[in-house]
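Visitor: build the 3D model from these lines:
(one chain, ligands or ions: 2)
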Amino acid sequence: MVVSPKIAPSMLSSDFANLAAEAKRMVDLGADWLHMDIMKLSFVVIDLNDTEPFLVSYLLTSLLFHLQDGHFVPNLTIGAPVIESLRKHTSAYLDCHLMVTNPMDYVEQMGKAGASGFTFHVEVAKENWQELVSKIKSAGMRPGVALKPGTPVEEVYPLVEGETPVEMVLVMTVEPGFGGQKFMPNMMDKVRALRQKYPTLDIEVDGGLGPSTIEAAAAAGANCIVAGSSVFGAPESGKVISLLRTSVEKAQPTT
Ligand SMILES: O=C(CO)[C@@H](O)[C@H](O)COP(=O)(O)O
Ligand SMILES: [Fe+2]
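Guide: Ligands and ions are numbered 1, 2, ... in the order given. I've put the predicted structure just below:
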């Protein structure tokens, strides 16, 4: 075994009202990591004519706050307070995927909240990735870098080879933003290129993974598998988790 499989159910597809119980259920069914998608709202539509003045002022203040960051993806999910609450209920590895435009702003709070891995997007960290990676490590988290489908894989090479390297590359196999989308098989070229160059690197795939797509991802060399709708939507989630693991194990070269 060169790299060990890490099966990471995406909690984006879980019942948010029962997050702690859902996390325990996944760990009991064999999950190695819990994948937490942290996204920021892109745009707010409000009808000002029909709104109380105090609410208008509150909404405008929030909107200004959001605009400092929020235009990476058109969705709003969870943040550090939820990670902090969940951490009280589980010791599992919380694999946090930050879909925000200013990841640096979140390092300290995510570290304090109890995040285990902090994966930022290369598209928004071209200028400051070295400082970002150092801060993530100092905050006690494992740094990872993600790339969107349209981003060439070469863009992450310097981050893997840097003096303070990232420890995981996350290849997006759908456009970031939502669960339940269709897997993009052509992204496997990126995974193959990464695996050939870095035999022991953790390579994560995220988006549309499940029984019908895992073979392609595992054969290309992915070992960390994020799966949301295929795991939570299955009648027997544990069977899907085991199948994902077996596929990764089978595809590994034996040493
Ligand atoms: O980062 C994302 C979406 O932006 C993912 O982590 C999804 O949550 C994966 O969900 P499925 O495609 O497996 O349903
Ligand atoms: Fe994700």
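Visitor: contact residues of the chain facing ligand 1?
Guide: Within the chain, the residues that sit near ligand 1 (C-beta under 6 Å from any ligand atom) are 10, 12-13, 35, 37, 97, 174, 176-181, 206-209, 226-230. Placement of C-beta: from N, CA and C, glycine included.
Visitor: report the entries of these that also contact ligand 2.
Guide: 37, 97, 206 (C-beta under 5 Å from the ion).
Visitor: hang on, the earlier thing: so among the residues of the chain next to ligand 1, which ones count as buried?
Guide: 10, 12-13, 35, 37, 97, 174, 176-179, 206-209, 226-230 (16 or more other C-beta atoms under 10 Å).
Visitor: sitting in helices, which of those residues do you find?
Guide: 229, 230 (DSSP state H).
Visitor: wait, doesn't residue 123 sit right on residue 145?
Guide: No: the pair residue 123 / residue 145 is not scored as a contact, 10.0 Å apart, by C-beta atoms under 8 Å.
Visitor: who has more neighbours out of those two?
Guide: Using other C-beta atoms under 10 Å, the more surrounded residue of residue 123 and residue 145 is residue 145, with 24 against 16.
Visitor: that one: what secondary structure?
Guide: Under DSSP: H, G, I helix; E, B strand; the rest coil, residue 145 falls in the strand class.
Visitor: and it, what pLDDT?
Guide: We have a pLDDT of 98 for residue 145.
Visitor: and residue 194, by the same measure?
Guide: 98.
Visitor: what does residue 232 give?
Guide: The model's pLDDT for residue 232 equals 98.
Visitor: list the residues that contact it.
Guide: 9, 13, 14, 22 (C-beta atoms under 8 Å, 6 or more residues apart in numbering).
Visitor: just curious, which of those residues is nearest to residue 157?
Guide: residue 9 (29.3 Å; C-beta to C-beta).
Visitor: can you tell me, leaving aside adjacent residues, what's nearest to whatever residue of the stretch 51-200 of the chain ends up closest to ligand 1?
Guide: Across the stretch 51-200 of the chain, no residue is closer to ligand 1 than residue 179, which sits at 3.3 Å (C-beta to the nearest ligand atom). Nearest residue to residue 179 in three dimensions, chain neighbours excluded: residue 228, at 4.2 Å (C-beta to C-beta, 6 or more residues apart in numbering).
Visitor: thinking that neighbour is in contact with residue 9, fair?
Guide: Yes: the pair residue 228 and residue 9 qualifies as a contact (C-beta under 8 Å) at a distance of 6.8 Å.
Visitor: find residues that contact each of those two.
Guide: Joint contacts of residue 228 and residue 9 (C-beta under 8 Å, 6+ apart) are residue 35.
Visitor: what residues does the stretch 151-255 of the chain have near ligand 2?
Guide: residue 206.
Visitor: quick one, strands of the stretch 151-255 of the chain?
Guide: 168-172, 202-206, 224-227 (DSSP state E, counting those that start in this stretch).
Visitor: who's residue 93 bridged to?
Guide: residue 33 (DSSP bridges).
Visitor: return the residues in contact with it.
Guide: Neighbours of residue 93 in contact, by C-beta under 8 Å, 6+ apart: 32, 33, 34, 116, 117.
Visitor: of these, buried ones?
Guide: For the contacts of residue 93, buried by 16+ other C-beta under 10 Å: 32, 33, 34, 116, 117.
Visitor: for residue 202, give me the pLDDT.
Guide: On the pLDDT scale, residue 202 gets 98.
Visitor: setting the sequence-adjacent residues aside, check what's closest to the residue in the stretch 101-250 of the chain that ligand 2 sits nearest to.
Guide: Across the stretch 101-250 of the chain, the shortest distance to ligand 2 (C-beta to the ion) belongs to residue 206, at 4.4 Å. Leaving aside its chain neighbours, residue 206 sits nearest to residue 226 (4.0 Å; criterion: C-beta to C-beta, 6+ apart).
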